[in-house]
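Trainee: Any chance you can model this:
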Amino acid sequence: MTSNFIHASRSLLWATALSAALSSAIFNAANAADIPEFDLVIKDHFYQPSELSVPAETKFRLRVTNEDPTPEEFESTDLNRESIMLAKRTILVYVGPLHAGTYNFYGDFHRGTAQGRLIVK
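Mentor: Residues are numbered from 1 along each chain as shown. Just a heads-up that it's a prediction; the model follows:
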């Protein structure tokens, strides 16, 4: 009898954990669709646009597309973000919420030209 009780308890525990994980995944997917998205392109080793206005106190994502034939690294010490972009690929960078201000980012492989900033209002 005790072994059946333990088995049933473990099954219930696993079922509860699985249900919670699925609910969380569905909730997170729904919330991801609600996050504002802003586009950045790197072309000829320049960010376009070089200045991007985003809302303050809001989590958002940057869709960064590398149109160059070489890799680049999206980097920002202000945002504490660093991510390699392969040639002709797109990455998503989740940011925020941020206070109003200016936050710099750059392409680590072409720092002389690949410069930009977020203007948070």
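Trainee: any idea how far residue 50 is from residue 72?
Mentor: 14 Å (Cβ to Cβ, to the nearest Å). C-beta here means a position set from N, CA and C on the backbone, and glycine is covered the same way.
Trainee: Mind telling me what element residue 62 is part of?
Mentor: For residue 62, the host element (DSSP states H and E) is strand 60-66.
Trainee: Who does that strand pair with, and is each partner parallel or antiparallel?
Mentor: strand 37-43 (parallel), strand 89-95 (antiparallel) (DSSP bridges).
Trainee: after the last one comes which helix or strand?
Mentor: Put plainly, it is strand 89-95. For strand 89-95, the following helix or strand on the C-terminal side (DSSP H and E) is strand 101-107.
Trainee: which secondary structure elements does that following strand contact?
Mentor: Where contact means 3 or more Cβ pairs under 8 Å, 6 or more residues apart in numbering; DSSP states H and E, strand 101-107 is packed against strand 72-76, strand 115-120.
Trainee: which one of those strands lies closest to residue 56?
Mentor: strand 115-120 (5.0 Å; Cβ to Cβ).
Trainee: how much does the closest one deviate in direction from strand 72-76?
Mentor: Per axes from the mean of the first three to the mean of the last three Cα atoms, to 10 degrees, the angle that strand 115-120 makes with strand 72-76 is 40 degrees.
Trainee: Looking only at strand 115-120, what residues are buried by neighbour count?
Mentor: Using 16 or more other Cβ atoms under 10 Å as the test for burial, strand 115-120 gives 116-118, 120.
Trainee: Would you convert those residues into a markdown table that also reports pLDDT and distance to residue 67?
Mentor: What follows is these, written out as a markdown table (pLDDT from 0 to 100; distance: Cβ to Cβ, whole Å):
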| residue | pLDDT | distance to residue 67 |
| --- | --- | --- |
| 116 | 97 | 15 |
| 117 | 98 | 20 |
| 118 | 98 | 20 |
| 120 | 98 | 25 |
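Trainee: Just list whatever residues bridge to the residue positioned nearest the centre of the chain.
Mentor: Among the residues of the chain, residue 94 comes closest to the average C-alpha position under Cα atoms, centre = their mean, at 2.3 Å. Note on residue 94: beta-bridge partners by DSSP bridges are residue 61.
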